[in-house]
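Participant: pasting a predicted model and its sequence here:
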Amino acid sequence: QVQLVESGGGLVQPGGSLRLSCAASGNIFSINTMGWYRQAPGKQRELVAAITRGGITNNADSVKGRFTISRDNAKNTVYLQMNSLKPEDTAVYYCNADVTTYYSGTYRIQNYWGQGTQVTVSS
């Protein structure tokens with residue numbers, strides 16, 4: 001089994017910064033794409049940013065120039081540095097990962113979600 005555990009959310013004033021972390025643990029052979037999604041009240045979950053194992057990134061237009069995604073493959077951890085935060089960034093942020101596991105001679109790729117961390121941008 002694989003677990004994704006997020007940390008770093010909280011309350012911040014407009015213009016402020018936060019750094020989210022997501023650590024994967026469990027029976028991991030390798031982790032492919034990792035990403036951050038968010039869901040605001042009454043809205044659908046949306047992609048914020050994603051990063052491949054090789055470091056290729058993809059950011060939503062709404063966060064380009066403000067958010068930076070990075071990862072540490074040795075630690076199975078992905079980060080989201082969020083700067084110049086706006087009230088519209090308020091949401092629950094979820095970590096997501098495509099994980100390859102190996103058990104009893106079988107490789108399997110599954111998609112996993114973290115439990116979510118609340119980010120609130122308000123004065």
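Facilitator: Perfect, thanks for sending it.
Participant: C-alpha from now on. contacts and neighbour counts both.
Facilitator: Fine.
Participant: now for this protein: which strand has the highest residue count?
Facilitator: Ranked by residue count and defined by DSSP state E, the top strand of the chain is strand 91-103.
Participant: report the buried residues of that strand.
Facilitator: Within strand 91-103, the residues that count as buried by 16 or more other Cα atoms under 10 Å are A91, V92, Y93, Y94, C95, N96, A97, D98, V99, T100, T101.
Participant: need the worst-confidence member of those.
Facilitator: The lowest pLDDT within the buried residues of strand 91-103 belongs to T101, which sits at 93.
Participant: that residue pairs with what?
Facilitator: Beta bridges link T101 to R108, judged by DSSP bridges.
Participant: still on that earlier bit, list of residues touching the longest strand of the chain?
Facilitator: Strand 91-103 is touched from outside by 4-6, 22, 27-41, 107-120, with contacts defined as Cα atoms under 8 Å, 6 or more residues apart in numbering.
Participant: so who does the residue nearest to the spatial centre of the chain touch?
Facilitator: Per Cα atoms, centre = their mean, the C-alpha nearest to the average position across the chain is that of W36, at 2.9 Å. Shown in contact with W36 (Cα under 8 Å, 6+ apart): L47, V48, A49, A50, L80, Y93, Y94, C95, N96.
Participant: recalculate using a threshold of 10 Å.
Facilitator: Listed by Cα atoms under 10 Å, 6 or more residues apart in numbering, the contact set of W36 reads 20-22, 46-51, 59, 69, 78-80, 93-97, 113-114, 116.
Participant: how much space between it and Q13?
Facilitator: 21 Å (Cα to Cα, to the nearest Å).
Participant: how about E88?
Facilitator: Using Cα to Cα, E88 is found at 12 Å from Q13.
Participant: and for those two, which residues touch both?
Facilitator: Counting by Cα under 10 Å, 6+ apart, the common neighbours of E88 and Q13 are T120, V121, S122.
Participant: I figured G16 hits V121, correct?
Facilitator: Yes: counting by Cα atoms under 10 Å, V121 is a contact partner of G16 at 8.3 Å.
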